[in-house]
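> Give me a model of this one.
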Amino acid sequence: MKQLHRISRVRATVLSSAVLVAGACATPSTIVNPASAPASLASNPLFVESTLPYHAPRFDLIRNEHYQPALEEGMRQQLSEIDVIAKQMQPPTFENTIEAMERTGGLLTRSNNAFQAVVGANTNDTLQKIDEATSPKLAAHSDAIYLNDQLYGRVKSLYDRRGSSNLTPEQKSLIERYNRDFVRAGAQLSEADKIRMRALNQEQSKLRTDFTRKLLAGTKVGALVVDNASDLAGLTDAEIQAAADAAKQRGLTGKWVLSLQNTTQQPAQAELKNRSVRQKLFELSTMRTSRGDSNDTRSTIRRMAELRAEQAKLLGFPTWAAYSLDDQGAKNPDNAIKLLTDVVAPATARAREEINDMQKLIDAQGGGFKLQPWDYQYYAEQVRKAKYDLDESQIKPYFELNSVLQNGVFYAANKLYGLTFKERHDIPVWHPDVRTFDVVDANGQPLALFYADYFKRDNKQGGAWMSSFVDQARLTGKNPVVYNVANFAKPVAGQPALLTYDDVSTMFHEFGHALHGMFSSVQYPRFSGTNVPRDFVEFPSQFNEHWALEPSVFANYAKHYQTGASMPAELVNKIKQARSFNQGFTTTELMGASLLDLAWHTLPAGTQVADVDAFEQNALRRYNLLIPEIPPRYRSPYFAHIWGGGYSAGYYAYTWSEVLDDDAYAWFVEHGGLTRDNGLRFRDMILSRGGTEDAATLYRNFRGRDPSVDALLIERGLKADPTTK
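Residues are numbered from 1 along each chain as shown. Modelled structure (predicted):
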């Protein structure tokens with residue numbers, strides 16, 4: 001059974017999707033001459049388009065001090081370009097209004113894409129201060145475009161005439177998307193309400209940056225510092241050495257540090273024998289931003305929830321979730337909640353069985369205590385060993401990172417889509433750990449440039465994500481430049497990077513997002529790659545996870561890093577047999593986080609949450625998810641997806657998309673599995689289309705029907721497979 005990715009997401013920028021429309025790409029004709037710019041920009045490498053292959057960012061030349069001037073000049077240039085479009089005397093046409101907007105903002109997009117990459121994956125105090133300074137300016141910049149009456153008048157005129165115009169289907173869709181973006185941003189509000197909307201956007205941008213800063217600092221400070229190596233009993237020698245190295249990097253010689261992952265439960269809890277150490281690590285994780293110190297986020301998120309509810313009310317929606325889901329596949333919160341609550345009962349029933357199994361083991365060992373959340377991973381691992389004779393330490397030597405990447409992730413992409421990959425060492429990167437690859441299509445033509453940044457750093461945001469530096473669009477003639485970021489444990493010098501199977505799934509997952517960006521074949525930047533509804537964007541990534549265990553792919557990469565021997569068939573079978581293990585826990589903690597997100601964002605305007613912890617407990621109780629042994633995957637104060645990223649009222653999207661990905665994989669199984677023909681069909685009908693057509697229609701055209709939830713329940717082991725005798 002695949003593990004739904006507990007840390008995966010597409011990276012969201014500080015710009016709204018609406019601003020990404022206007023700032024997506026620029027042709028040379030729209031770029032202001034450097035000679036007319038402020039002198040400080042004349043030598044700024046961001047100011048001119050990169051001459052590197054694929055227009056890749058010049059990280060060899062870009063310095064911290066370059067970002068803010070480039071962002072501010074980029075905003076100034078784009079507003080100047082927008083002003084020309086809005087005030088022109090010619091009647092509005094698709095070319096002089098919509099397409100013209102698609103061409104604006106080249107400097108801003110280029111600068112912001114590079115900035116968001118480094119502030120997320122390799123930040124420092126200077127970059128964080130720039131983020132704090134520019135975030136409200138970017139929010140104001142978005143408002144200056146989408147609350148511009150003259151500009152919206154031209155868009156609305158085209159929208160009203162779209163049925164009678166000689167437009168291609170993609171052009172018609174683009175007009176409809178622009179009109180929706182303007183309306184959702186507040187273009188139809190009264191002047192007084194527009195003033196209030198601007199104020200709400202300003203405050204939210206500051207709070208979002210504040211949350212991200214506090215979470216990064218709280219996560220770093222919250223790491224477990226260990227004084228005696230004996231307290232790390234259960235960890236491997238390599239893991240203990242890595243903890244010692246992490247301590248040295250912090251100036252704590254003679255100590256050991258276990259850094260926090262972004263999830264509630266921590267990987268080391270599965271191995272640590274000392275129960276009090278497990279408890280301390282768990283408590284540090286769950287309290288990282290709730291300690292009443294300068295990194296406490298509770299007042300920040302309370303205010304963010306209030307502002308979002310007020311903004312939704314201004315726009316005519318009862319709650320933020322109603323506003324947020326109105327242009328998503330779910331359409332409204334009730335549909336999203338129904339999907340999740342339908343899964344709750346079978347998930348929690350299985351979870352209680354798992355808890356009983358572990359309690360029996362504790363009692364048999366004479367433990368004398370009731371299972372607690374910090375015990376769950378430890379005893380789950382023991383039960384897994386007992387039931388399936390499967391030990392994580394047995395399988396990690398077969399999952400060496402480079403083999404998984406080259407012989408697994410890339411190999412599957414070659415078999416399905418004909419892609420080949422060649423590592424190159426001449427492309428500047430933002431950190432020495434980053435690798436770059438040319439991606440060549442089946443016809444031998446260059447397709448994309450791909451970056452991979454896999455190892456955890458204290459100055460990297462938690463989780464895993466994909467984003468892009470350059471989006472594909474035939475309008476601009478550009479090929480995509482995409483990147484994946486993760487937080488795998490970095491090995492000590494001279495040792496291989498050995499992964500857990502969950503890490504392997506993460507690599508396949510994030511590369512699924514990358515493929516979505518690489519295969520984009522659209523005319524306009526607004527529709528490029530992953531510019532699709534939030535509850536569709538996780539579909540290609542989760543679908544790509546399935547190939548991690550496909551027999552021919554697995555056999556190609558799962559080889560012992562020392563001997564090169566393939567994983568023994570007996571061990572492979574154990575992994576497959578254990579796929580449904582612990583799915584009660586995994587699904588329950590996912591449902592907890594997803595419904596907690598919706599609880600926050602179905603609050604009506606004017607509601608004030610006095611106590612974040614009490615609100616969280618009540619919400620989980622309401623959905624029958626208040627199970628002490630299984631806290632939600634993310635507690636509210638460190639739920640980065642919904643407060644710092646782009647998943648507010650949208651974390652349900654992982655489950656919504658899983659319905660699609662499991663159902664689509666079932667189609668592949670029905671039609672011969674891993675074949676080039678099947679891959680090309682998926683590429684042509686899903687991955688290449690971006691946001692050019694309604695997501696439900698795209699899926700229906702591919703599958704021949706609407707998706708069924710049965711495949712998800714079967715895949716998670718929560719429903720019997722009728723094809724299994």
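> end to end, how far does stretch 642-654 reach?
End-to-end distance of stretch 642-654: 13 Å, with Cα to Cα, to the nearest Å as the criterion.
> tell me the mean pLDDT for it?
Mean pLDDT, stretch 642-654: 95.
> cool, stretch 102-117 as well?
For stretch 102-117, mean pLDDT is 98.
> mind exporting it as CSV, just the C-alpha atoms?
The C-alpha coordinates for stretch 102-117 follow below in CSV (Å, rounded to 0.1, in the frame of the first residue of the first chain):
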residue,chain,number,x,y,z
GLU,A,102,0.2,37.6,-20.5
ARG,A,103,3.3,39.3,-21.8
THR,A,104,3.8,41.6,-18.9
GLY,A,105,5.9,41.3,-15.8
GLY,A,106,9.0,39.5,-17.1
LEU,A,107,11.4,41.0,-14.6
LEU,A,108,9.0,40.5,-11.7
THR,A,109,8.4,36.8,-12.5
ARG,A,110,12.1,36.1,-13.1
SER,A,111,13.1,37.8,-9.8
ASN,A,112,10.3,36.3,-7.7
ASN,A,113,10.8,32.8,-9.0
ALA,A,114,14.5,32.9,-8.0
PHE,A,115,13.7,34.6,-4.7
GLN,A,116,11.0,32.1,-3.7
ALA,A,117,13.4,29.2,-4.4
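> Now do that stretch: distance to the chain's middle.
Put simply, stretch 102-117 sits 20 Å off its chain's centre (Cα atoms, centre = their mean, to the nearest Å).
> and that stretch, which residues are buried?
For stretch 102-117, the buried set under the neighbour-count rule, 16 or more other Cβ atoms under 10 Å, comprises 102-117. Where C-beta positions appear, they are placed from N, C-alpha and C, glycine not excepted.
> Would you mind naming the residues that bridge with the spatially closest residue to K478 that is not a sequence neighbour?
Distances taken as Cβ to Cβ, 6 or more residues apart in numbering place V470 nearest to K478, at 5.4 Å, with adjacent residues excluded. Note on V470: beta-bridge partners V481, judged by DSSP bridges.
> The helix or strand W374 falls within packs against which elements?
Assessed by DSSP states H and E, W374 sits inside helix 373-388. Contacts defined by 3 or more Cβ pairs under 8 Å, 6 or more residues apart in numbering; DSSP states H and E place helix 373-388 against helix 275-286, helix 333-364.
> which of those helices sits most buried?
Greatest average neighbour count among these goes to helix 275-286 (a mean of 19), per mean count of other Cβ atoms under 10 Å.
> so how far is the helix or strand that it is followed by off the chain centroid?
Downstream of helix 275-286, the next assigned helix or strand under DSSP H and E is helix 298-314. Relative to its chain's centre, helix 298-314 lies at 22 Å (Cα atoms, centre = their mean).
> Packing partners of helix 298-314?
Under the contact criterion of 3+ Cβ pairs under 8 Å, 6+ apart, helix 298-314 touches helix 191-221, helix 320-325, helix 583-601, helix 612-622, helix 640-643.
> what's the closest of those helices to D503?
Set against D503 and scored by Cβ to Cβ, these come closest in helix 583-601, at 15.4 Å.
> All set now, cheers.
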